[in-house]
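A.B. asks: fold the following and give me the result.
(one chain, ligands or ions: 1)
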Amino acid sequence: SHTIRVGVAGYGNLGRGALAALARCPDMRLAGVFTRRDPASLRLPDPSTPVYSLDDAAAHRGEIDVMILCGGSKDDLPVQGPALAQWFTTVDSYDTHARIPQYFEAVDAAARAHGTLSIIAVGWDPGLFSINRLMGEAILPDGATYTFWGKGLSQGHSDAIRRVPGVRAGVQYTIPVPEAVARVRAGEQPALSTREKHRRECHVVLEPGADPRQVEQAIVAMPDYFADYDTTVHFIDAATLAREHAGMPHGGFVIRSGRTGTAENQVMEFSLKLDSNPAFTSSVLVAYARAAWRMRSAGETGARTVFDVAPGLLSPQSPEALRKALL
Ligand code: NDP
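C.D. replies: Presented below is the predicted three-dimensional model:
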């Protein structure tokens, strides 16, 4: 059977994670890494891996079955998603929840026009958490859904603060508000505002001469990322950042609390505890790359989300084998 030839576009945390995840999938093969930087400047685990300029990606379309897009959601994917969908079947982890509909439209237009297929917003949230929210609401229509994140370091939000002028480096932690979690787990179904469920904590190293009040204001007022939360900004030095904030743990849980029959309480919960958020997210991307290739091979084109992908397509096993082993 065909070994799926996978390209990786963008070599950051997700790009590194994608290479590690691919190495554990015998049905897939890394065909090349694409970067906006000088290809010779990247240090890959296997020095024989081909590294190409992203500008030359189109020339390699015949060598790649699926391209995994590992760029950042804020500035990279809005450009790279629709551009690369012209030439490749793609999967990406676009995670700016509020803008997913617009992003979907842009990628869908490119994929339809060029006969490719793209699965967007893959990962754990959006991604596996989205699927569990959907399941909870479909199965328990009389109820309430709660998503709690953390405590964990958010890649998207850390990315966002690092782009604020005056910020040299920084990380952002998402922290569930314990009182809110306790009420939900007790089956209370409380109405909780965004602000009541989580707070955000930033640890920032300033550029020399930067005004801390200006930086703090730019962070806490940022739409989509921080404006709807209680956000605290701590200014620290580079040594403290390196010593205390180098890991990228994350996790969280989706809870659907609902009622059936006359009044039975039914609680569904899905939870993740991740030592490395990007290593896990890229593992999800690799599984969906398998599905994307199968869907494209079956003649499908256009953009999709995780809602549109049948679970069996994620597995390297055949439908027959899955029926025997897992049903
Ligand atoms: P990074 O910042 O590590 O990488 C983003 C891009 O920046 C890379 O593709 C790379 O592009 C470039 N880059 C990386 N390192 C360097 C460097 N040292 N110097 C210059 N450029 C560099 O982001 P992550 O990989 O951590 O995350 C990517 C996105 O994944 C996030 O923005 C987030 O939106 C999403 N995500 C989604 C999740 C989900 O559950 N859906 C969970 C976690 C993340 P190039 O090689 O072209 O230079």
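A.B. asks: can you count the residues close to G12?
C.D. replies: Using other CB atoms under 10 Å, G12 is surrounded by 15 other residues. For glycine as for every other residue, the C-beta is placed from the backbone atoms N, C-alpha and C.
A.B. asks: now L22
C.D. replies: Neighbours of L22 (other CB under 10 Å): 22.
A.B. asks: does it touch L285 like I think?
C.D. replies: No - with contact defined as CB atoms under 8 Å, L22 does not count as touching L285 (9.9 Å).
A.B. asks: residue boundaries of the strands in the stretch 151-300 of the chain?
C.D. replies: Listed in chain order, the strands of the stretch 151-300 of the chain (DSSP state E, counting those that start in this stretch) span 152-153, 167-176, 198-206, 230-235, 250-260, 264-274.
A.B. asks: could you export these as a markdown table, including mean pLDDT and mean neighbour count?
C.D. replies: Shown next, in a markdown table, are these (pLDDT from 0 to 100; neighbours: other CB atoms under 10 Å):
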| stretch | mean pLDDT | mean neighbour count |
| --- | --- | --- |
| strand 152-153 | 94 | 22 |
| strand 167-176 | 96 | 20 |
| strand 198-206 | 97 | 21 |
| strand 230-235 | 97 | 16 |
| strand 250-260 | 94 | 20 |
| strand 264-274 | 93 | 14 |
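A.B. asks: and of the ones you listed, who's closest to the ligand?
C.D. replies: Minimum separation from the ligand across the strands of the stretch 151-300 of the chain (CB to the nearest ligand atom) falls at strand 250-260, 7.6 Å.
A.B. asks: ok, the closest one: who's next to it in the sheet?
C.D. replies: strand 143-149 (antiparallel), strand 264-274 (antiparallel) (DSSP bridges).
A.B. asks: near the ligand, which residues of the stretch 51-200 of the chain?
C.D. replies: Residues of the stretch 51-200 of the chain lying close to the ligand by CB under 6 Å from any ligand atom are 54, 70-73, 76, 93, 95, 123-127, 155-156, 159.
A.B. asks: can you pick out the most distant pair from those?
C.D. replies: With distances taken as CB to CB, the most widely separated pair in these is L54 and D125, at 26.8 Å.
A.B. asks: which of those two has more residues huddled nearby?
C.D. replies: The neighbour comparison of L54 against D125 (other CB under 10 Å) goes to D125, with 22 against 17.
A.B. asks: now do the contacts for the closest residue to G252 other than its chain neighbours.
C.D. replies: Excluding the flanking residues, the one nearest G252 by CB to CB, 6 or more residues apart in numbering is W149, at 3.9 Å. Residues near W149 by CB atoms under 8 Å, 6 or more residues apart in numbering: 125, 174, 176, 198, 250-252.
A.B. asks: rebuild those residues as a markdown table, extending it with distance to R290.
C.D. replies: Output for the contacts of W149, formatted as a markdown table (distance: CB to CB, whole Å):
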| residue | distance to R290 |
| --- | --- |
| D125 | 21 |
| T174 | 30 |
| P176 | 33 |
| H198 | 33 |
| H250 | 24 |
| G251 | 24 |
| G252 | 25 |
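A.B. asks: tell me which of those residues is nearest to V309?
C.D. replies: D125 (16.2 Å).
A.B. asks: read off the pLDDT value for the closest one.
C.D. replies: Looking at D125, its pLDDT reads 95.
A.B. asks: same thing with T90?
C.D. replies: pLDDT, T90: 99.
A.B. asks: wait, a strand at G62?
C.D. replies: No - assessed with DSSP: H, G, I helix; E, B strand; the rest coil, G62 is helix; it does not lie in a strand.
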